[in-house]
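J.: only the shape, not the letters, is given here:
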């Protein structure tokens with residue numbers, strides 16, 4: 001069966017590309033104003049399911065992937081801003097406050113008419129934003145195309161905290177998508193492209209490689225807690241490798257590799273965590289350094 005993505009989002013397309021999927025793009029023409037529910041979680045599920053079904057009934061013998069996303073602040077759903085002034089008002093409202101990003105995923109099999117769906121919730125808190133940085137952001141980024149007036153880079157730039165396993169970059173839960181596709185028999189690991197890094201890989205290349213590798217090796221069901229614990233174990237093994245390299249005694253029963261081996265494992269788990277939260281590591285690094293440049297540092301690296 002052919003796979004159809006009911007979305008023109010380049011981020012969702014990239015997520016499917018990383019998984020090595022062959023698919024067709026048929027955007028849904030659903031009139032979303034006709035679907036309502038007072039509960040945003042149920043609304044986002046209804047919207048994603050309706051999009052998938054609408055495309056599926058017109059394309060027999062297909063598996064349709066659809067998604068939807070809502071930004072909810074103070075029990076109010078924030079739509080895409082009408083203009084730059086509206087975008088500025090939205091970001092000023094979110095400044096210094098907590099809100100939720102709620103995403104729905106639906107996979108519809110038009111052959112057996114079975115629907116699989118899920119909802120993911122990510123709780124976010126923005127730091128206090130100045131008017132100047134809000135103005136700079138909406139003038140340089142596609143704020144008018146995004147619910148709540150921000151996209152992934154804006155989230156990284158403005159967030160004080162992000163809690164919840166949700167890929168806000170792709171706009172869908174990739175690990176759940178893989179599970180749904182496997183249930184429908186349209187995700188065969190043996191048919192996926194061979195894992196390979198380009199000659200001069202970027203951080204984005206490492207993240208894409210890790211995403212595909214995790215699925216191909218069957219690790220996509222690991223929880224974020226499990227991945228974090230594994231990362232902690234690798235950090236401990238790195239310390240042991242450094243102790244041994246420095247001539248410091250190490251327990252003979254300890255298991256660890258070379259320093260470069262442990263650093264490589266740490267990078268893999270770091271990429272895996274970043275992918276799970278939809279974080280672009282290069283963008284995050286740049287955003288963090290932008291903050292660091294505004295701070296003063298003592299020689300022992302303590303912030304002042």
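T.: Done, it's in. Predicted model only: the values in this text are computed from it and were never measured.
J.: ok, residue 226 to residue 118 distance?
T.: 19 Å (CB to CB, to the nearest Å). (C-beta placed from N, C-alpha, C; glycine too.)
J.: just residue 52 next, same as before
T.: Counting by CB to CB, the gap from residue 52 to residue 118 is 12 Å.
J.: same question, residue 7
T.: For residue 7, the distance to residue 118 equals 16 Å [CB to CB].
J.: higher neighbour count, the two?
T.: Set side by side, residue 7 and residue 118 show more neighbours around residue 7, with 23 against 18, by other CB atoms under 10 Å.
J.: if I pick that one, what's in contact with it?
T.: By CB atoms under 8 Å, 6 or more residues apart in numbering, the contact list for residue 7 reads 13, 25, 27, 28, 65, 66, 67, 171.
J.: any chance of TSV for those residues, columns secondary structure, pLDDT and neighbour count?
T.: TSV is the format used below for the contacts of residue 7 (DSSP: H, G, I helix; E, B strand; the rest coil; pLDDT from 0 to 100; neighbours: other CB atoms under 10 Å):
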residue	secondary structure	pLDDT	neighbour count
13	helix	86	16
25	strand	95	13
27	coil	92	13
28	coil	90	22
65	strand	96	26
66	strand	96	29
67	strand	92	28
171	coil	67	23
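J.: ranges for the helices of the stretch 201-304 of the chain?
T.: In the stretch 201-304 of the chain, the helices defined using DSSP state H, counting those that start in this stretch lie at 203-216, 224-245, 259-276, 281-292.
J.: the stretch 51-200 of the chain now?
T.: Per DSSP H, counting those that start in this stretch, the stretch 51-200 of the chain carries helices over the ranges 84-94, 131-140, 152-158, 174-183.
J.: residue 254: which of those helices is closest?
T.: Taking CB to CB, helix 174-183 is the member of those nearest to residue 254, at 32.1 Å.
J.: domain map for the chain?
T.: Each structural domain of the chain that the record assigns through automatic domain parsing is listed here as a residue range: 2-183, 194-292.
J.: mind putting these into a markdown table with distance to residue 298?
T.: Putting the domains of the chain into a markdown table (distance: least, CB to CB, whole Å) gives the following:
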| stretch | distance to residue 298 |
| --- | --- |
| domain 2-183 | 23 |
| domain 194-292 | 14 |
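J.: for the nearest residue in space to residue 141 that is not next to it in sequence, what are its contacts?
T.: Counting by CB to CB, 6 or more residues apart in numbering, the nearest residue to residue 141 once its immediate chain neighbours are dropped is residue 154, at 6.0 Å. When contacts are counted by CB under 8 Å, 6+ apart, residue 154 touches 137, 141, 143, 146.
J.: what's the separation between the last one and residue 139?
T.: Computed with CB to CB, the distance linking residue 146 and residue 139 is 14 Å.
J.: looking at those two, which one has more neighbours?
T.: Looking at residue 146 and residue 139 with other CB under 10 Å, you find the greater number of neighbours at residue 146, namely 20 against 10.
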